[in-house]
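>>> build me a model:
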Amino acid sequence: MAPRNEERRTKILSIVYSLLEEAPYDKISLSGIANAAGINKSLLQRYYPQKVDLIREMLSALLDASSGYMDELGFSGDDPFQKISDFNMLFFAATDRTFRLKQFLLTTISSPELLDAWIEAICSWLRRSEDGRKYRLLDLRCALTFAMGGSMHLYQHQDELGIDYRFICPHHIRAILEFLGYSNEKIDGIIRNTDEWIVDADVDRFLDYCREHIDWVN
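Here you go, the predicted model:
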């Protein structure tokens, strides 16, 4: 991709990231994004035909950065859901450290369309690996839909419920794996491994890693 086009994409995504701090997704229009970027709507739609395409690209970048950071730490698990479990704990810990990321998460889980975009992004991420491809796409989608609907509702209401991500994340991964037929022993092992792994996963370093690898996060 030409450098100018890459710079324009980064500018557009930075604008969306900022706008989501101030307004819910359904109140942000392609026209408004285009105006803020100093381009016309038709040019914006050459890059992103639909508004949800912007969010899909942002989610993919966040997942890739999380995966890269875990690999940098020496992640070597042979089960893709170990990585998903670790990612959940790391990502939710990070959202507690930065208002912008938390607003982005709350916005993208409050819309059924965007929650589906999360599910698509995670399915795609999983199926890039050989271990992830052993699961049928339909099974993955059903498991994630079942688990994310409940766990994201808990996250939205965590303050009034008196809970936090350390309670939500294990229940989230357990719901996914029970749906996929994992044994309780295997599930307990994955959750235990995450609890041990997260101790060495410097959350501030993870946020720095995201800023280094995702231009629009800055």
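>>> mind listing residues that contact the helix ranked longest in the chain?
In the chain, with assignment by DSSP state H, the single longest helix is helix 51-72. By Cβ atoms under 8 Å, 6 or more residues apart in numbering, the surrounding residues in contact with helix 51-72 are 9, 12-13, 16-17, 25, 28-30, 33, 48, 83, 86-87, 90-91, 104, 108, 113-114, 117-118, 120-122, 124-125, 201, 205-206, 209-210, 213-214, 216. For the C-beta atoms, the positions are set from N, CA and C on the backbone; glycine is no exception.
>>> again, 6 Å this time
Contacts of helix 51-72 with the rest of the structure, by Cβ atoms under 6 Å, 6 or more residues apart in numbering, involve 13, 16, 30, 48, 86-87, 113-114, 117, 121, 125, 206, 209-210, 213-214.
>>> try stretch 155-173
Residues from elsewhere that reach stretch 155-173 (Cβ under 6 Å, 6+ apart): 85, 88-89, 92, 147, 151, 154, 191.
>>> stretch 68-84: end-to-end distance?
Start-to-end span of stretch 68-84 (Cα to Cα, to the nearest Å) is 13 Å.
>>> now that stretch: average pLDDT?
Mean pLDDT, computed over stretch 68-84, is 81.
>>> so how far is A23 from the residue with the largest distance to the centre of the chain?
Distance from the C-alpha centroid of the chain peaks at N40, with 29.0 Å (Cα atoms, centre = their mean). Distance of N40 to A23, computed by Cβ to Cβ, to the nearest Å: 21 Å.
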